[in-house]
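[1] could you look at this predicted model? Sequence included:
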Amino acid sequence: MRYFSLLIIGFIVGLSGAMLPGPMLIYTISKVLQGRMVNGVKIVFGHMLVEVVTIVLILLGLKETIGSRIIPTILAIIGGLTLIMVGLYIIFKATHMKLPRDTKVNFSSSLITGGIFFTAFNPTFPTWWVSIGAPLVSKALLSGLIGVIILVVGHWLADLAWFGSVSFAVCKGRPLLNDKIYQIILRILGGVLVVFGIYFIITVNI
């Protein structure tokens, strides 16, 4: 029962974090539009890799380092500038982008890399893990390493459930799109990324 509770807690808390709008959601939508629903799963896998490293650091007692002011500042500046550049690239290149007609599944490491980037350089990520994730991991550790594993599994199930649902919805709506609508959506997504990038930079606490 104790382990089941940790699984449920991990899922509910993980879902509350996953459902927050952010760069990774925008990235997932754009990549599913450009390919297939499985693209969303690959992106989540990259997200999970970053979380594995974060959890290991927490277990090693580096919570204070992760939560120091300098880390979020560096992430905000680098991540913000990159988001602006990516957003502008999408906006200006949208005219030349067309819906892919080839729906073959190709395993692309770039999607995993994208999941890693849009997780690691999201300024809200270290904040969430220091304020919410670390205390949960510490509590789960009272039940041993297996308790931490179960908590994390619940968290990852939430990520897969949310981003899988988003990917499914986007993929099902994709046949209704034509190239013109697709390009408009890309410009909107690019604009949102630019806004996120600007927001991350102007809210830096130096």
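    Looks like it came in fine.

[2] tell me where this structure has strands.
    Under the criterion DSSP state E, the chain contains no strands.

[3] any low-confidence regions in it?
    Where the chain drops to pLDDT under 70, the residues are 1, 16, 19-21, 62-72, 75-76, 79, 97-109, 123, 176-177, 205-206.

[4] all helices for it, in order.
    Along the chain, the stretches classed as helices by DSSP state H are 2-18, 23-34, 38-59, 63-66, 70-93, 109-120, 124-128, 134-141, 145-173, 179-202.

[5] let's have those helices in JSON lines, adding mean neighbour count.
    Where C-beta positions appear, they are placed from N, C-alpha and C, glycine not excepted. Formatted as JSON lines, these follow (neighbours: other Cβ atoms under 10 Å):
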{"stretch": "helix 2-18", "mean neighbour count": "17"}
{"stretch": "helix 23-34", "mean neighbour count": "22"}
{"stretch": "helix 38-59", "mean neighbour count": "19"}
{"stretch": "helix 63-66", "mean neighbour count": "15"}
{"stretch": "helix 70-93", "mean neighbour count": "18"}
{"stretch": "helix 109-120", "mean neighbour count": "19"}
{"stretch": "helix 124-128", "mean neighbour count": "18"}
{"stretch": "helix 134-141", "mean neighbour count": "18"}
{"stretch": "helix 145-173", "mean neighbour count": "18"}
{"stretch": "helix 179-202", "mean neighbour count": "17"}
